[in-house]
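Participant: Sequence and predicted structure are below.
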Amino acid sequence: MTVRVAIHQPQYLPWLGYLDKLDRADVFVLLDTVQFRKNEWQNRNRIRTAQGWQYLTVPVLHEFPQRLDRVRINNQTDWRRKHLQALETHYRKAPHYDRYVPQFRELYAGDWDLLAPLNGAIVGLFAEAWGITTKVLSAGQFAAREEQTGRLVDLCKAVGADCYLAGAGGRDYMNLQEFEKAGIAVEFHGGSRRTRLHEPSGIQRRRDYRGVPGFRAPGVCPGLFTVYPGDVGR
């Protein structure tokens, strides 16, 4: 029986393609042992509003170079209240706002010191909402090489996987021969929207949400508030 693993950096409020990758895997490894990159998707993301994009950034205390799992959050700022307020302001009229906003309130009421556990909790919140039962682990639990392909192969072996579900960009840097030597098949995930995790209709399809400059990927937050995930794909 094939055991498929996906390995991805923990992101803040990730997009639906991220959850689709999680859904397609048997095991999902949060790659929190790589170097942190400030102001990328590790500590910020954007939500759509009637006025366009709004970025939500988790402030961090970063010492370059630093591993992602060691990055501390700067709790001297009121970021949790601001992020929750943004979600409440822009999605309070969404059909399933009342169903899920309590989970975000509980999330932002948490005492978060490190960035990686926060992102892991968000992945867990979204996975539960969409009924995704994939086992989620942290790369920090395992010994692995630092070299890119070697790290992935070692993590595949550590979780007993014989198939690696890679992102489309993996073609640019992975040494596929090393996977072949290890007896691990490689599949590529394109982040396609043709999945049971669909972009919502309703409030997010209204005129004031269309044609937003730079729009490429559907967001999980609007999807969660506008479509009950339990009904998606049925």
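Facilitator: Happy to help now that I have it.
Participant: Which other helices and strands does the helix or strand that contains P117 contact?
Facilitator: Under the criterion of DSSP states H and E, P117 resides in helix 115-129. Applying 3 or more Cβ pairs under 8 Å, 6 or more residues apart in numbering; DSSP states H and E, one finds that helix 115-129 makes contact with helix 16-24, strand 27-30, strand 72-73, helix 97-108, strand 135-138, helix 220-226. In short, each C-beta sits where N, CA and C put it, glycine included.
Participant: how does it look with 6 Å?
Facilitator: If you count contacts as 3 or more Cβ pairs under 6 Å, 6 or more residues apart in numbering; DSSP states H and E, helix 115-129 packs onto no helix or strand.
Participant: Show me the shaky parts of this protein.
Facilitator: 191-220, 222-223, 226-234 (pLDDT under 70).
Participant: For the residue of it positioned farthest from its centre, what are phi and psi?
Facilitator: Centroid-distance maximum for the chain: K181 at 30.0 Å, with Cα atoms, centre = their mean. Main-chain torsions, K181, degrees, to the nearest 10: phi -60, psi -30.
Participant: Pull the contacting residues for it.
Facilitator: Contact analysis of K181 by Cβ atoms under 6 Å, 6 or more residues apart in numbering lists nothing.
Participant: Against W79, how distant is it?
Facilitator: 45 Å (Cβ to Cβ, to the nearest Å).
Participant: ditto for T33
Facilitator: For T33, the distance to W79 - Cβ to Cβ - is 25 Å.
Participant: Ok, N43 next?
Facilitator: Distance from N43 to W79, by Cβ to Cβ: 10 Å.
Participant: quick one, which of these two is more surrounded?
Facilitator: N43 (24 against 19; other Cβ atoms under 10 Å).
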